[in-house]
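Q: following is a predicted model, sequence given first.
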Amino acid sequence: MDPALGSNLLKLVAPVAVAVVMATVTRRRGNTGSDRVGLVRPRARDVGRWLLIWAVWVALTEVATRLLGIEGAAPWVGYSPLVIVIRILAIGVAGPVAEELAFRGIAHWRLRTTPLGTAGAVVVTSLLWTALHFQYEPAILAQIFLDGLVLGAARVRTGSLGAPIAMHVTGNLFSIAESLFGLG
């Protein structure tokens, strides 16, 4: 098997498997559909509002990273069309869904009932989510942490994972577009 195909299939299968396991465990514990985990349908108006906030946030961070001389997304060169499709599904959709379910869903729910409260849960889950992205340079990690705070605010304000999932997917797809089409 082509090494690029194998590694990218893993990038797709791993988050899908994690999301399925988390959803299954959550469902078995009787939490599905509850506001505790955020598996409730958000209002379309709320999602639209948070997507607009996210678009402004992404634009501001793009300007900031350029002013600070931080490199944008690396180009995707040398990948077959199949690998590109798998990467888009993995990085653009499956990864964000699994991460939001884990961090702004389950971890947030568990932490907000501790003395940390809701605000502390947003900060701690943002820190944990940032740690997951250890491969990036410190300036990018700072941006990821701040992104996590915005995603956490959307989770809290809407009571649903719908808005942060839509925001995260949109952000990752924008980064992919930068990599594919040199938009960065």
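A: Ah, there it is. Numbering: from 1, shown residues only.
Q: and residue 29, what pLDDT?
A: Model confidence at residue 29, expressed as pLDDT, equals 63.
Q: same check on residue 63?
A: Residue 63 carries a pLDDT value of 93.
Q: please apply the same query to the one 3 residues further on.
A: You'll see residue 66 listed with a pLDDT of 89.
Q: the residue lying closest to it once chain neighbours are set aside - how many residues pack around it?
A: Leaving aside its chain neighbours, residue 66 sits nearest to residue 72 (7.8 Å; criterion: CB to CB, 6 or more residues apart in numbering). C-beta coordinates here come from the backbone N, C-alpha and C atoms, glycine included. Neighbours of residue 72 under the rule other CB atoms under 10 Å: 14.
Q: now residue 67
A: Residue 67: 8 neighbours (other CB under 10 Å).
Q: what helices or strands is the longest helix anywhere in the chain leaning on?
A: In the chain, taking DSSP state H as the definition, the longest helix is helix 3-28. Packing partners of helix 3-28 (3 or more CB pairs under 8 Å, 6 or more residues apart in numbering; DSSP states H and E): helix 81-87, helix 95-99.
Q: following element in sequence after it, please.
A: helix 44-67 (DSSP states H and E).
Q: can you give me the buried ones in that following helix?
A: 46, 47, 50, 53, 54, 57, 58, 61, 65 (16 or more other CB atoms under 10 Å).
Q: and the gap between the first one and residue 163?
A: Residue 46 sits 6 Å away from residue 163, going by CB to CB, to the nearest Å.
Q: give the residues shared as contacts by those two.
A: Common neighbours of residue 46 and residue 163 are listed as residue 157 (criterion: CB atoms under 8 Å, 6 or more residues apart in numbering).
Q: dump the residue contacts of residue 12.
A: So residue 12 contacts 86, 89, 90, 94 (CB under 8 Å, 6+ apart).
Q: please apply the same query to residue 8.
A: 83, 86, 87, 90.
Q: quick check, pLDDT for the nearest residue to the third one once chain neighbours are set aside.
A: What that stands for is residue 87. Leaving aside its chain neighbours, residue 87 sits nearest to residue 8 (5.2 Å; criterion: CB to CB, 6+ apart). At residue 8, the pLDDT value in this model is 85.
Q: try residue 130
A: 97.
Q: which strand or helix spans it?
A: Going by DSSP H and E, residue 130 is in helix 117-132.
Q: now tell me which helix or strand of this protein has the poorest mean pLDDT.
A: None of the helices or strands of the chain scores lower by mean pLDDT, DSSP states H and E than helix 3-28, at a mean of 82.
Q: just the buried residues of that one, please?
A: So, applying 16+ other CB under 10 Å, buried residues of helix 3-28: 4, 8, 9, 11, 12, 15, 16, 18, 19, 22, 23, 26.
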